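S.K.: Here is my input, please return the structure:
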Amino acid sequence: MAKKRASDPTDPQPPPTEPKQTKRSGRKRSVGAAKGAAWTFPKETLESAIRVARAIDEKHGGNPMNAADLAKAVGFRQSTDWRFLDLLRAANQYGLVSGSGATATVRLEKLGQDIVVPGDASDRQRALLEAFRSVEDFKKVEDFYGSKRLPEDEFFKNTLSRQFSVPRDRVDRFADVFRENLVFLTSFAARPTTAAATATEAADAGGRELPAEAPLKEGRVRRFLDSCFVMMPFGEWFDRYYQEIYVPAIREAGFEPVRADELFNTGSVVEQIWEQIDKSKVLLADLTGKNANVFYELGLAHAARKPVVFAAGQIDDIPFDLRHLRVIVYDVREPQWAATLSRQITEFLKNAKADPAKSIPQPFRGVQE
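M.R.: As a prediction, the model looks like this:
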C-alpha cells in the first residue's frame, strides 16, 4: 500500500468546498444577491419624478411622447443616459407615467395629470399622497411608524435594513428619498402621518422633540409646482416687503415663493441655496443696497443659466451691464408704489417664464441648451 505523501503547498488546490449555510452566511449572500437585483423603490424623489409628467404635458400637450424627445425635454441629450432612465423609472414607480426604457413611448397617467394639471388644490394634494404610497416599500414604512416621528438617522437606517430588508448598499438612498418625499408632501399639506414628526428632522441638539412645521414661514401651504427663489436682504423693512408684496405678487404669477431664510434643513447653507436656485423656474433679485450675499446668489443663478427679474430702490443699485434685462425700479416715496411694484413683479415673472432668454445675460444665454 502506497504511503500517502505530505501535501506540497505548490500543488494545485481543489476549489473550496461550499460552506454550510448558516443564518449569518445566508444573510450575507442575500444582501450580495440584492446588489444585482432590480430596485424596488425609486432612486429619485417624487418632486424630481414630476419633471417627467410635466414635460409630457407642457411639451407634448399631454399626449404620448417617445423617450428620445422626452429625455431632451427634461434636460438630457440622449434617452440612454442612465440618469434619465433612473428618472423615468421613478416616474413609473410613482404611477405618474407608463412606459420605461430608452426606446419607450411614455404616456401620462391620470395620477400624473392630477398633479401637474389639477382641477383644484385638493386634487393635487390627494394625487401627491397617492403617488407616494404607490411605492409599496414607502407605504410599508409609513404604516409601520404611523403617527410616531421617525427615529434618528442611524436607528432609522437599521430598521430599514432589519425590518424591511432594504439592502445595506441601498439603505442610505432609501432614507434620503423617503425623508425628502415627506418634506415635499408636508409643504403641500398632503403629508402622511409620519411627516408630522419629521418636518424638522427629529430633534435638536438637546434631544428635545421639535414641533411639526410646514417648511415655509407664516404657515403658508405650497400651491404651485414651479418655484421662484427670492434673493434679497433680510430684516427691517425687507421682511415686510417680502411677506406683503413679493409673496402675493409671485403667487399671482403662478409660482411658489421661497427665500433663503425659509430653508430649515441641516447642512451647508450654500448647498441649500444652490439647490433652490437649480429647482426654481425663475428668480427674483432685489439688489437694493448692493447686498453682498444677494450678489453672490445672483452669480450662482447666472451660472445656472436661470432667468432673473431684478428689482431695486434706485437704478444705481443695478450693475450697468445688467440694466438691459428685466429691471423694476420702485420708489417708496410714490403714493401707490407697493401696488405698482406688485403688479410689475407679477407681469415680469410671467414674461420671464414665457421668454426666459431675455432675463439671462448673453454669455450664459448662449449655452442655455
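
S.K.: So the chain: which segments form each domain?
M.R.: 41-117, 135-215, 217-365 (automatic domain parsing).

S.K.: Show me the shaky parts of this structure.
M.R.: Low-confidence segments of the chain (pLDDT under 70): 1-35, 192-219, 264-267, 365-369.

S.K.: change it to 80
M.R.: 1-36, 147, 191-220, 263-268, 361-369 (pLDDT under 80).

S.K.: Strands along that one, start to end?
M.R.: 65-66, 97-98, 105-108, 227-231, 256-259, 282-286, 308-312, 327-329 (DSSP state E).

S.K.: Show the contacting residues for the closest residue to D321 other than its chain neighbours.
M.R.: Ranked by CB to CB, 6 or more residues apart in numbering and with sequence neighbours excluded, the top spatial neighbour of D321 is P361, at 7.5 Å. Just so you know, the C-beta spots here come from the backbone N, C-alpha and C atoms, and that holds for glycine as well. P361 is in contact with H302, D321, L322, L325, counting by CB atoms under 8 Å, 6 or more residues apart in numbering.

S.K.: and with 10 Å instead?
M.R.: H302, R305, V308, D321, L322, H324, L325 (CB atoms under 10 Å, 6 or more residues apart in numbering).

S.K.: centre of the chain versus stretch 181-195, how much separation?
M.R.: 13 Å (CA atoms, centre = their mean, to the nearest Å).

S.K.: quick one on the thing from earlier: tell me which of the domains of the chain sits most buried.
M.R.: domain 41-117 (a mean of 19; mean count of other CB atoms under 10 Å).

S.K.: First-to-last residue distance for it?
M.R.: Domain 41-117 stretches 25 Å from its first residue to its last (CA to CA, to the nearest Å).

S.K.: just to revisit the earlier point, any idea how far the residue nearest to D321 is from H302?
M.R.: P361 sits 6 Å away from H302 when distances are taken as CB to CB, to the nearest Å.

S.K.: cool, A67 as well?
M.R.: 32 Å.

S.K.: go on, G146?
M.R.: 46 Å.

S.K.: Not counting its neighbours along the chain, what's nearest L85?
M.R.: Once flanking residues are discounted, L85 sits nearest to A102: 6.5 Å by CB to CB, 6+ apart.

S.K.: for S187, that is, sorry about that
M.R.: In space, S187 is closest to R222, 4.2 Å off (CB to CB, 6+ apart).

S.K.: how about that neighbour, what does it touch?
M.R.: With CB under 10 Å, 6+ apart, R222 has these contacts: 121, 124, 184-190, 214-216, 256-258.

S.K.: go on, D86?
M.R.: So D86 contacts W39, P42, K43, E44, S48, A49 (CB under 10 Å, 6+ apart).

S.K.: Go again with 8 Å.
M.R.: K43, E44.

S.K.: S187 versus that one, what's the distance?
M.R.: Distance from D86 to S187, by CB to CB: 23 Å.

S.K.: Same question for L284.
M.R.: Distance from L284 to S187, by CB to CB: 19 Å.
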